[in-house]
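Q: Sequence and predicted structure are below.
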Amino acid sequence: MADVVIIGAGVTGIQAALDLAGHGIDVHLIEREPSIGGHMAQLDKTFPTNDCSMCILSPKMMDVSRNPHIHIHTCSEVTAVEGEAGRFRVTVKKNPRYIDEEKCNGCGDCVLICPVEVYNRFDAGIGVRKAIYKPHSQAVPDIVIKDPEHCIECGLCYDICDREAILKEDTGKEILIEASSIIITTGYRVFDAGNKDQFSYLLFPDVITSLEFERMMNASGPTGGQIQRLSDGKTPESVVFVQCVGSRDASIGRPYCSCVCCMYAIKNALLIREKYPDMDITILYMDIRAYGKGYEEYYERAINAGIRFIRGMPAEVIDGDDSLAIRVENTETGEVELLTPGLVILSVGMEPAFDSEKIAEMCEIPLEEAGFFSSTDDKVDTVATIKPGIYVAGTAISPKDIPDCVAQAGAAAMRAFIDSEREG
Ligand SMILES: Cc1cc2nc3c(=O)[nH]c(=O)nc-3n(C[C@H](O)[C@H](O)[C@H](O)COP(=O)(O)OP(=O)(O)OC[C@H]3O[C@@H](n4cnc5c(N)ncnc54)[C@H](O)[C@@H]3O)c2cc1C
Ligand code: SF4
Ligand code: SF4
């Protein structure tokens, strides 16, 4: 049976890889980042059950790493796709990690000794990492990466690594994979809240994004799971969520609903209520979209837990002496209210993944107007593309939650399995 290439190793790519490997197909999982896992690895809990996100994802990541049919290529990108269904030739560029992957055992001694601390992308900018680091404690593969941009070549890590796993020079490499089909699962990126000046993101430290808040709420995150104002480290007495930041906004080319923001804001409001029973929690929204199984009941639970829902979108977030200040018209009562939260959380929407155009061009498939990948049919054949043998699944097609991503991953894997069997 012929191999399958999966581009992107978030929960969608991981699930598709496991499904195919379960049928005895060899899979090449190509991931740009140093660890597989995607956005789900950054989340604290998941709606509507409040299960710990990594408790679901981490066993899948381990299964991927142990499965002899799955070949993980991290720090890697596809640079060319040639051929046709049954006979694709995929060129993969492996970017330098500056670590001998065979020698590193992930002990972390080099991380402890490295004196350089820089912005930590995995923790969405809250907290720091070293110049040599593991993306997070449950990273797969469980090895480090050295960041040449910030390394000062002090030499301490080379001296401490008795396995001589750290490389001074690394040019990366290129490999060619032959595959019967390709599944694109490159996911999404979150909307850059800095593009909405009125919400003062990056201007005021106590205006943060929902992804940053996920890291803040996480017990293994940079604040140990405590909610803190980044301005003074204090626990805020009140928080306000602002919905639809970068969604349902035709003026910035984002007319679509990002599907998950209402539910993740409700989730985080409920989690705050559990940890901080006296905190004042308000959600400012246009409409609450709770369409999935158990979602409406989850919303009801939040109302019953005393979370305040105000239908109305603020024009701006401004500085108000000891707190932030938000004036908002409650469109249900017609009254203008003044809120003075200690922390504002912007519920940022989903945008197409960086480089989607390049992948689309290489695979000769179209993107939709908003920039997500276009499948041939939005109703019954949602994972096929116009190019036979190339499939797409998960948030690479459109915003969706984890259960829908996993369902589409299974559908794409089944299509690729049939192709692979056909090719023998
Ligand atoms: C703040 C927030 C909270 C959320 N909470 C929940 C929740 O509680 N429950 C829920 O169901 N959903 C939640 N979601 C949605 C959830 O994150 C997504 O549904 C899910 O993670 C999407 O998985 P994916 O694999 O499709 O995409 P991603 O997780 O984005 O994975 C895509 C992967 O592809 C890689 N990649 C991208 N481009 C390339 C390339 N060119 N080459 C190689 N690799 C590439 C990326 O590095 C990434 O690892 C939340 C979203 C946000 C923003
Ligand atoms: S590079 Fe060496 S010191 Fe660092 S984690 Fe790997 S084995 Fe340990
Ligand atoms: S050589 Fe670079 S990565 Fe290693 S300890 Fe020094 S600064 Fe850190």
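A: That came in fine, so what should we check first? Ligands and ions are numbered 1, 2, ... in the order given.

Q: just checking, what packs against the top helix by length along the chain?
A: When the chain is parsed with DSSP state H, its longest helix is helix 402-423. The helices and strands touching helix 402-423, judged by 3 or more C-beta pairs under 8 Å, 6 or more residues apart in numbering; DSSP states H and E, are strand 4-7, helix 11-22, strand 181-184, strand 390-392. For every residue, glycine as well, the C-beta is placed using N, CA and C.

Q: Quick check: which of these is nearest to ligand 2?
A: Ligand 2 lies closest to helix 11-22 among the helices and strands packed on helix 402-423, at 23.6 Å (C-beta to the nearest ligand atom).

Q: chain center to the closest one, what's the gap?
A: 17 Å (C-alpha atoms, centre = their mean, to the nearest Å).

Q: what mean pLDDT does that helix have?
A: Across helix 11-22, the average pLDDT comes to 98.

Q: Now do it against helix 402-423, angle only.
A: If you take axes from the mean of the first three to the mean of the last three C-alpha atoms, to 10 degrees, helix 11-22 sits at 40 degrees to helix 402-423.

Q: shift numbering so it begins at 24
A: Yes, from this point I'll number from 24; that puts the last item at helix 34-45.

Q: Give me the contact list for helix 34-45.
A: Helix 34-45 is contacted by residues 27, 29-30, 32, 50, 52, 54, 59-61, 63, 80, 83-84, 86-87, 90, 92-93, 206, 208, 210, 416-419, 425, 428-429, 431-433, 435-437, 439-440, 443 when judged by C-beta atoms under 8 Å, 6 or more residues apart in numbering.

Q: Spatially nearest residue to the residue in the stretch 174-323 of the chain that ligand 2 sits nearest to, not counting backbone neighbours?
A: The nearest approach of the stretch 174-323 of the chain to ligand 2 comes at residue 184, 3.3 Å away (C-beta to the nearest ligand atom). Nearest residue to residue 184 in three dimensions, chain neighbours excluded: residue 133, at 5.5 Å (C-beta to C-beta, 6 or more residues apart in numbering).

Q: How about residue 261?
A: Residue 261 sits nearest to residue 303 (C-beta to C-beta, 6+ apart), 3.6 Å away.

Q: Just give me the neighbour total for that neighbour.
A: 18 (other C-beta atoms under 10 Å).

Q: Quick one: residues contacting the residue of the stretch 24-173 of the chain found nearest ligand 1.
A: Closest contact between the stretch 24-173 of the chain and ligand 1, by C-beta to the nearest ligand atom, is at residue 33 (2.1 Å). Residues in contact with residue 33 (C-beta under 8 Å, 6+ apart) are 59-63, 208, 210, 417-418, 428.

Q: The residue nearest to residue 184 falls within a strand, correct?
A: No. Per DSSP: H, G, I helix; E, B strand; the rest coil, residue 133 lies outside any strand segment and is helix.

Q: what's the neighbour count on residue 384?
A: The number of residues near residue 384, taken as other C-beta under 10 Å, comes to 12.

Q: Which positions in the helix or strand harbouring it come out as buried?
A: If you go by DSSP states H and E, residue 384 is part of helix 379-386. The neighbour-count check on helix 379-386 (16 or more other C-beta atoms under 10 Å) flags 379, 382-383, 385-386 as buried.

Q: Show residues contacting that helix.
A: Contacts for helix 379-386 (C-beta under 8 Å, 6+ apart): 30, 101-104, 205, 207, 209, 389-390, 394-396, 408, 410, 413, 419.

Q: Contact residues of this protein facing ligand 3?
A: 136-137, 139, 154-155, 169, 174-180 (C-beta under 6 Å from any ligand atom).

Q: So for stretch 114-133, mean pLDDT?
A: Mean predicted lDDT for stretch 114-133 stands at 98.

Q: cool, stretch 420-440 as well?
A: 97.

Q: Output it in CSV with nothing but the alpha carbons.
A: Output of stretch 420-440 as CSV, limited to C-alpha atoms (Å, rounded to 0.1, in the frame of the first residue of the first chain):
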residue,chain,number,x,y,z
ILE,A,420,-11.3,24.5,5.5
SER,A,421,-13.2,26.7,7.9
PRO,A,422,-13.5,27.6,11.6
LYS,A,423,-14.8,24.6,13.6
ASP,A,424,-14.5,23.0,17.0
ILE,A,425,-12.4,20.0,18.0
PRO,A,426,-15.2,17.3,17.6
ASP,A,427,-15.9,18.5,14.0
CYS,A,428,-12.1,18.5,13.2
VAL,A,429,-11.8,15.0,14.5
ALA,A,430,-14.8,13.8,12.4
GLN,A,431,-13.4,15.4,9.2
ALA,A,432,-10.0,13.9,10.0
GLY,A,433,-11.6,10.4,9.9
ALA,A,434,-13.4,11.2,6.7
ALA,A,435,-10.2,12.4,4.9
ALA,A,436,-8.2,9.4,6.3
MET,A,437,-10.8,7.0,4.9
ARG,A,438,-10.6,8.7,1.4
ALA,A,439,-6.8,8.5,1.4
PHE,A,440,-7.0,4.9,2.6
